[in-house]
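>>> Quick one, structure for this:
(chains A and B)
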Amino acid sequence: MSGEKSKQIAMFIPCFVDQMSPEVGLDMARVLRRIGYYPEFRKEQTCCGQPGFNTGYWNEARPLAERFVHVFRSAEIVVCPSASCTTMVRNFYSELLADSALRAEAVELGRRVFEFSEFLIKVAAVTDVGAAFPHRVTYHDSCHGLRELHLKHEPRELLRYVRGIELVEMPHVEDCCGFGGTFATKFSMISAAMGDTKAGNAESSGAEYVTSTDPSCLMQIDGILRRRNSGMRIIHLASILAQTEAPGAPGNVASSHGMTP
Amino acid sequence: MSTAGEQFLRKAAEKSVDLEHRKLIRNAIDHYSGSVGRGRARFLDWEEARQRSHEIKWEAINHLDRYLLEFEQKVKDRGGHVFWAETSEDARKYIADLATRQSVRRVVKSKSMVTEEIHLNPALEKLGIEVFETDLGEFIVQLRNEPPYHIVTPAMHLTRSDIAALFKEKLGNIDTDDPPHLVAAARVALRKAFFSAEMGITGANFLVADSGMIALTSNEGNARLCSSIPRIHVAIAGIEKVIPRTEDLAVLWPVLATAGTGQPITCYNTLIGGPRGPNEIDGPEEFHVVLLDNGRSDLLADAEQREVLNCIRCGACLNVCPVYRTVGGHTYGTTYQGPIGSVLTPHLRGIKEFQHLSSASSLCGACTETCPVKIDLHHHLLHNRRNAVETRNRSRLERMGFKLWRWIMLGPQRFALLGAMARSGLRAINGLGLAGTVLDPARSWTKDRAPLRVPSKSFRALWQEQETTQGKEQDGAD
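Numbering: from 1, shown residues only, chains lettered A, B, ... in the order given. Coordinates of the predicted model:
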């Protein structure tokens, strides 16, 4: 990476993050600014097509994938606060767009789309983003992060450098939380039982917070934790990394642009 | 009569909240996982062994015609019989006719999932033949009149005390929950059967083309007794079980054992090539191999999913599957459970009735990660889902829903507007304390979870505000 242009980052804010977890996008932007990048949001973006694709509606998902390529084709780097949606673009567009004129471009674009922690470690080469979070935290491996993007150490590495944090591992950490998109509503009882198992494992770590790369896993775990009347809370990785020691945390905007890699 | 899909939902709802079941299976599988971890560590390179296994099976599947004919010829050369069964019905009829012709009164069986697939036992019992399952786990579930819970460990769902109570009731003369004594009781019951049965039926873990032998793997030695004591030995296997060379077993045997149970090698591995020869002192007088198609050649014709035929039935994907562990083996209502069952069953028994299994997955990919022959299992679940949509095996409501979804997502302003409306609606429902009730549009989520946290503003709205503020600050600074 060199020159000012490469400091421009297009943010891919998945549809449900836009609507249901806006703070995750804002916190990601804060961290990106703090380490010297210029995040931009392209208002034309909506959904990468994953919900339809994973439910079997490939014909419905295809125009959305093509739309994604149109929206982001000019971006040098795209960063996304969800391993799941990143996976959709990077690993599944080639198959979904097999007969599309945009296939080659989609594959090429997929190589420039990064999950947030992956971007920080592998592209920006940053481990310490200047965050502080004096709490006991356990990290949940999202399935798409772990098995599709092979992210195991990246998020943990970032967490290790957070001031005051105490990282603890939960048992069976690689087991699915049970979300699975439309699976969570089609087979809600199975999904919730899997979530219950996950929540129990997370609680047994003794952590105050469970964090992950994926807002969808966290939405599931949150719904189950509160159903269990648990004291444990969820927080997205970007929201931990956005917090600093400066007053006014979380995500002290005033201190943005302060640190460079 | 409810559909397979409705039955699945009903049983899944029951098992999902059965915490005893969840704990029991977790304990059993934790034990398994420990063994498998140690087992893989014994390989110089487990990943390389998986790759090699995948390649061997892939070569065989892609030359199935050649290897099966080679196998058949070799078996016939040694005086064995080979029967090609296109359907379950063909296979059942061949074996039943053979048993009738030979006046068979008793059959001993070693564990075979294919015999479950073709429902062989009821067909033989209808002829008045006594059928004895001789694998301990199969023996137990047979006494309970249940199908196997798992393709490798059929009685995984039972505790020691369940089995003790079962033996006390069914076998009599035994009142203990001490495993060695329970095993001894089963052995006494089965020993008589072995020596009085006229026919032994086994599966085959592999059909070796270059030697024309079947390879049998077992931990209890019962497969050897079934194949050597009775007068007639019938082996039945799916056509996908053929492998090119005897030497391939040097990889496949330890890989199967490791993935299946974590053992370095299964206790008894046997190669059987035919009936008793002229100068041999033991072995059956007749040796029959039934090669079952039952939908497999249709799968072979499907280039996208052909590799599903690589499966060596080790059961590893069941063990790592969080859905299997939650709902248990009997919920599937299929011969093959777990991820491989969900992928395979729509091909064997029809997509219309069994497509729901492919949707009953979070697509976590643990199955693909563990599969020793590298079948891309969760990806094939996705293919089945697409096929279900394309063959119009989904509800009209769902189809319309996804058309609507596409329309919304193709317009960013529509998406923003409808998103804002939906959030206002959900916030109102939550505010009125109606979350999870029939009035809640998000009920399919909230009936099993706490109400959704619904923000008042979307990211795009907040971002716009931020930009406007920053723009003003910038203007002020300039």
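>>> Leaving out sequence neighbours, find the closest residue to residue 86.
I'll assume chain A. residue A:115 (4.3 Å; C-beta to C-beta, 6 or more residues apart in numbering or on different chains). Quick note: C-beta positions are derived from backbone N, CA and C, even for glycine.
>>> I was thinking of chain B, sorry if that wasn't clear
Nearest to residue B:86 is residue B:293, by C-beta to C-beta, 6+ apart, at 5.0 Å.
>>> what's the burial count for the one you found?
19 (other C-beta atoms under 10 Å in any protein chain shown).
>>> Surely it is in contact with residue B:83?
No - using C-beta atoms under 8 Å, residue B:293 is not in contact with residue B:83; the gap is 11.4 Å.
>>> by contact count, what packs against the lowest-mean-pLDDT helix or strand in chain B?
Between all helices and strands in chain B, the lowest mean by mean pLDDT, DSSP states H and E belongs to helix B:459-477, at a mean of 85. Contacts defined by 3 or more C-beta pairs under 8 Å, 6 or more residues apart in numbering or on different chains; DSSP states H and E place helix B:459-477 against helix A:15-20, helix A:22-34, strand A:38-41, helix B:412-431.
>>> next SSE after the longest one?
This means helix B:412-431. Once the chain leaves helix B:412-431, the next helix or strand it forms, by DSSP states H and E, is helix B:443-446.
>>> can you list contacts of that next one?
Contact with helix B:443-446 is made by A:184, A:185, A:186, A:188, A:223, B:435, B:436, B:437, B:440, B:452, as judged by C-beta atoms under 8 Å, 6 or more residues apart in numbering or on different chains.
>>> Please point out which parts of that helix sit buried.
B:443, B:445, B:446 (16 or more other C-beta atoms under 10 Å in any protein chain shown).
>>> Dihedrals phi and psi, the closest residue to the last one other than its chain neighbours?
What it means is residue B:446. If you skip the residues right next to it in sequence, residue B:446 has residue B:436 as its closest partner in space, 4.1 Å away by C-beta to C-beta, 6+ apart. When quoted as degrees, to the nearest 10, the phi and psi of residue B:436 stand at phi 90, psi -10.
>>> Now do the contacts for residue B:436.
B:443, B:446, B:447, B:451.
>>> ok so, going back, beta partners of the residue nearest to residue A:86?
residue A:80 (DSSP bridges).
>>> Where does pLDDT dip in chain B?
For chain B, the stretches flagged by pLDDT under 70 are B:1, B:475-478.
>>> follow-up on the earlier one: among the helices and strands packed on helix B:459-477, which is the most enclosed?
Most buried of the helices and strands packed on helix B:459-477, by mean neighbour count (mean count of other C-beta atoms under 10 Å in any protein chain shown): helix A:22-34, with a mean of 24.
>>> Low-confidence bits of the stretch 1-150 of chain A, can you list those?
Counting by pLDDT under 70, the stretch 1-150 of chain A shows low-confidence ranges at A:1-5.
>>> Can you get me a residue count around the residue in it positioned nearest to chain B?
Nearest residue of the stretch 1-150 of chain A to chain B: residue A:56, at 3.3 Å (C-beta to the nearest C-beta). Around residue A:56 sit 27 other residues, with neighbours defined as other C-beta under 10 Å.
>>> tell me the strands in the stretch 51-200 of chain A, going along the chain?
A:78-80, A:113-115, A:136-139, A:166-168 (DSSP state E, counting those that start in this stretch).
>>> I'd say residue B:462 and residue A:22 touch.
Yes - using C-beta under 8 Å, residue B:462 is in contact with residue A:22, at 5.3 Å.
>>> got the residues of the stretch 1-150 of chain A near chain B?
Proximity of the stretch 1-150 of chain A to chain B (C-beta under 8 Å from any C-beta of the partner chain) is limited to residues A:13, A:15, A:17-23, A:25-26, A:29, A:41, A:43-47, A:49, A:51-61, A:63-64, A:67, A:143-144, A:147-148.
>>> do that again at 6 Å, thanks
Within the stretch 1-150 of chain A, the residues that sit near chain B (C-beta under 6 Å from any C-beta of the partner chain) are A:13, A:18-19, A:22, A:25, A:41, A:44, A:46-47, A:52, A:56-58, A:60, A:64, A:143, A:147.
>>> Minimum distance to chain A, which residue of the stretch 251-400 of chain B gives it?
residue B:362 (2.8 Å).
>>> Show me the helices in the stretch 151-261 of chain A, by range?
A:153-160, A:183-186, A:188-204, A:215-227, A:237-242 (DSSP state H, counting those that start in this stretch).
>>> got the domain boundaries for the chain?
The chain I'm using is chain A. Annotated domains of chain A cover A:5-123, A:136-242 [automatic domain parsing].
>>> ah, no, chain B please
With automatic domain parsing as the reference, chain B has domains B:1-41+B:315-394, B:64-298, B:414-477.
>>> how about these, which one is nearest residue A:207?
Taking C-beta to C-beta, domain B:414-477 is the member of those nearest to residue A:207, at 19.1 Å.
>>> how far out from the middle of the chain is stretch B:194-201?
Averaging C-alpha positions (C-alpha atoms, centre = their mean, to the nearest Å) puts stretch B:194-201 28 Å from its chain's average.
>>> Spell out the residue ranges of the strands in chain B.
For chain B, the strands defined by DSSP state E cover B:81-85, B:106-109, B:130-133, B:199-202, B:206-208, B:213-218, B:232-238, B:242-243, B:268-272, B:286-292.
>>> Compare the ones you listed and report which one is nearest to chain A.
So among those, strand B:232-238 is nearest, using C-beta to the nearest C-beta, at 27.2 Å.
>>> contacting residues around the closest one?
Here strand B:232-238 makes contact (C-beta atoms under 6 Å, 6 or more residues apart in numbering or on different chains) with B:95, B:114, B:199-204, B:207, B:214, B:227, B:284, B:286-290, B:292, B:296.
>>> Name every strand pairing with it and say which way it goes.
Here, using DSSP bridges, strand B:232-238 pairs with strand B:199-202 (parallel), strand B:286-292 (parallel).
>>> What residues does chain B have near chain A?
Checking chain B against chain A by C-beta under 6 Å from any C-beta, the hits are B:12-13, B:16, B:322-323, B:326-327, B:359-360, B:362-365, B:369, B:385-386, B:388-389, B:402, B:406, B:409, B:412, B:415, B:419, B:444-445, B:448-450, B:455, B:458-460, B:462-463.
>>> Return a PyMOL selection command for the buried portion of those.
To isolate the buried ones among the residues of chain B next to chain A in PyMOL, judged by 16+ other C-beta under 10 Å, type:
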select buried, chain B and resi 12+13+16+322+323+326+327+359+360+362+363+364+365+369+385+386+388+389+402+406+409+412+415+419+445+448+449+450+455+458+459+460+462+463
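>>> got a list of what residue B:161 touches?
With C-beta under 6 Å, 6+ apart, residue B:161 has these contacts: residue B:177.
>>> I'd like to know how far residue A:127 sits from residue A:29.
20 Å (C-beta to C-beta, to the nearest Å).
>>> again with residue B:43
With distances taken as C-beta to C-beta, residue B:43 is found 46 Å from residue A:29.
>>> Over to residue A:238?
Taking C-beta to C-beta, one finds residue A:238 at 9 Å from residue A:29.
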